[in-house]
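Trainee: My questions are about this predicted structure, shown below with the sequence.
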Amino acid sequence: MYIAIIPNRDSPPAVLLRESYREGGKVKKRTLANLSALSMEHVEVLRHALKGETLVPAEERFEVLRSRPHGHVAAVLGTLRRLGLEEVLSTRRHRKRDLVVAMIVARILEPRSKLATARELGGETLASTLGEVLGVGEASADELYEAMDWLNGGQERIEEKLAKRHLAEGGTVLWDVTTTYFEGRHCALARPGYSRDHRPDRPQIVFGLLTTDRGCPVAVEVFGGNTADPETLESAVVRLREGFGLSRVVVVGDRGMITQARITGELRPQGLGWITALRAPQVRELWKKGPLQLSLFDEQDLAEITSPDFPGERLIACRNPLLAEERARKREALLEATERELEKVRRATVRERGPLRGRDQIGMRVGKVLGRFKVGKHFRLAITDHSLAFERDEERIGEEAALDGIYVVRTSVRAEELSAEAAVEAYKRLSQVERGFRVCKGSELEVRPIHHRREDRVRAHVFLCMLAHYVRWHMEQRLAPLLFTDHDPEAGRERRVSVVAPAQRSEKADRKASRKRTEEGLPVHSFQTLLRDVATLCKNTIQVGEHITFERLTRPTPLQERVFESLGVKYGL
């Protein structure tokens, strides 16, 4: 940092505080402050202070008045603006749009309640430069709620813009749903239902996520907590056909979502294609009837078969050796655990003091054991009023073991349009939606637990989290070389298709994970720890003496420079 005196032809010279910095291998200069209004005496004091000379009086030395974490704000907000999300929200800038942008960014930086978010935007209680950069530093919690109401009213319009940007005729979309629990009992959406978060003591809501074939979120919809997964598919079809105007799309959903009833009643009449998988009983039936022969996997892990039970569809049988090993291990562990607990019940029937008696009482104890480990079908039981006998059903266990690691993908898309390998790969990409759910529901975005009472606020909250996931998803794509993730998709794709197994890491990703260093020698991070590192780049308010105050950013580290270079944004917002 230095002082430059720039002469003017007919005016006093301009006195500028400047610094040199490097960008893209080039040395550039920028002006930090205009000091022309200062006396030359003060300019000289500042010049000596910049050189660190001891002759500067103590009262004229530097003092940092305040430091505000800024780098993570610049990274997230810069990405949001590079994606044009502000214009997607509204083509005209206004306060509600700025407040929604602030809530999206805050959700990625550190998710909080709306009240806590309002406090962290305030000038006296700020946690970053977010409120200052967007000009919403004095926003109240009520204003944030009003902005959420505005966002909820524009959800369809916003999603249509995202769909136009990311979806196209003849493309593939992924649809999946999850549940999350609700705090309170005053919202119409919060109803008793199955909890994927293992919180059956709380009412639930269901929300579905529609993404591109790569997992980029495009739309989200909230349902009552007692809505079954297949019932949500109709809503997705309506959004695709009527909301987004798409008539030729392939919908990918799991075996519990795209059932035969949904294919017959919704997908086929609308002319939409589908990719899903058969349920275990259907796979077993194919094996017993003959179309699915285990010899198909002697030399390869993928084979296309046909069956009269699925006319006009292609069936692609796959075998995953790693999954087969894991299922065998898990089944044996559950069988052994069940045997141990059943043995405790048996011993209770023969103990000397207070033996367990009665067919009903013994049956209730046995039922609890079987309900806990879910492998009761693999046991033969004999219960009397005075005894319990049990043994494994080896024949049934053998039948199940024969199909370990085998699954069958079913699709209506013709072979000339989609190869068998590509169909399997499309089905496996549902894991991208599941990962999106983990991001939304975990500590990253914290969609749960939900405290809002009004139905529209709940919908707005979930939509806000989806938009935050949209920004984060794009950030992770660009930051992949710096993260513990596979950033060599082509190499990984070849390996995945060759074994028809879950997504495997490339050799580069394995090497990066073991060394904890990138190819450039930079430390590897998770997304959250990388964001915390970037947050140490601060905006500092500096005072020299009593009259000179200016702001300066912390000098970025090589890793921080690499982050902003990868994101394609500048940290000097």
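Mentor: Arrived safely.

Trainee: buried ones in the longest helix belonging to the chain?
Mentor: Looking only at the chain and at elements set by DSSP state H, the helix with the highest residue count is helix 321-350. Buried positions in helix 321-350, judged by neighbour count with 16 or more other C-beta atoms under 10 Å: 323, 327, 331, 335, 338-339, 341-342, 345-346, 348-349. From N, CA and C alone the C-beta is placed, and that goes for glycine too.

Trainee: ok, and for the helix or strand just after it, which residues are buried?
Mentor: Going down the chain from helix 321-350, the next helix or strand is helix 359-373, by DSSP states H and E. Neighbour-count burial for helix 359-373, counted by 16+ other C-beta under 10 Å, picks out 362, 365-366, 369-370, 373.

Trainee: Going by distance to Glu23, which of these wins?
Mentor: Distance to Glu23 across the buried residues of helix 359-373 (C-beta to C-beta) is lowest for Phe373, with 60.6 Å.

Trainee: That closest one and Glu394: what is the separation?
Mentor: 18 Å (C-beta to C-beta, to the nearest Å).

Trainee: Repeat that for Val177.
Mentor: Val177 is 38 Å from Glu394, by C-beta to C-beta.

Trainee: thinking again about what came up before, for the buried residues of helix 321-350, work out which two are farthest apart.
Mentor: Leu323 and Thr349 (39.0 Å).

Trainee: any idea which element Lys164 lies in?
Mentor: Using DSSP H and E, Lys164 falls within helix 155-166.

Trainee: go on, Val27?
Mentor: Residue-wise, Val27 maps onto strand 26-34 under DSSP H and E.

Trainee: Low-confidence stretches in the stretch 451-573 of the chain?
Mentor: Within the stretch 451-573 of the chain, the segments meeting pLDDT under 70 span 486-509.

Trainee: Swap in 90 and give it another go.
Mentor: 451-455, 458, 481, 483-524, 541-552, 571-573 (pLDDT under 90).

Trainee: With the stretch 301-450 of the chain instead?
Mentor: 301-309, 311-312, 319-324, 352, 399, 402-406, 418, 429-450.

Trainee: What is the burial count for the closest residue to Glu19 other than its chain neighbours?
Mentor: In space, and not counting its chain neighbours, Glu19 is closest to Met1: 4.4 Å by C-beta to C-beta, 6 or more residues apart in numbering. For Met1, the number of neighbouring residues by other C-beta atoms under 10 Å comes to 10.

Trainee: Help me confirm that Met1 comes into contact with Tyr21.
Mentor: No - under the criterion of C-beta atoms under 8 Å, Met1 makes no contact with Tyr21, lying 10.2 Å away.

Trainee: Report the contact partners of Tyr181.
Mentor: Contact analysis of Tyr181 by C-beta atoms under 8 Å, 6 or more residues apart in numbering lists 195, 197, 199, 202-204, 448-450.

Trainee: how does it look with 10 Å?
Mentor: By C-beta atoms under 10 Å, 6 or more residues apart in numbering, the contact list for Tyr181 reads 190, 193, 195-205, 225, 441, 448-450.

Trainee: mind giving me the domain split of the chain?
Mentor: Domains of the chain are assigned by automatic domain parsing as 2-68+539-557, 69-153+457-483+525-538+558-573, 155-281+413-451, 323-402, 484-524.

Trainee: Same list (these) but as TSV, adding distance to Pro308.
Mentor: Putting those into TSV (distance: least, C-beta to C-beta, whole Å) gives the following:
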stretch	distance to Pro308
domain 2-68+539-557	63
domain 69-153+457-483+525-538+558-573	42
domain 155-281+413-451	14
domain 323-402	23
domain 484-524	25
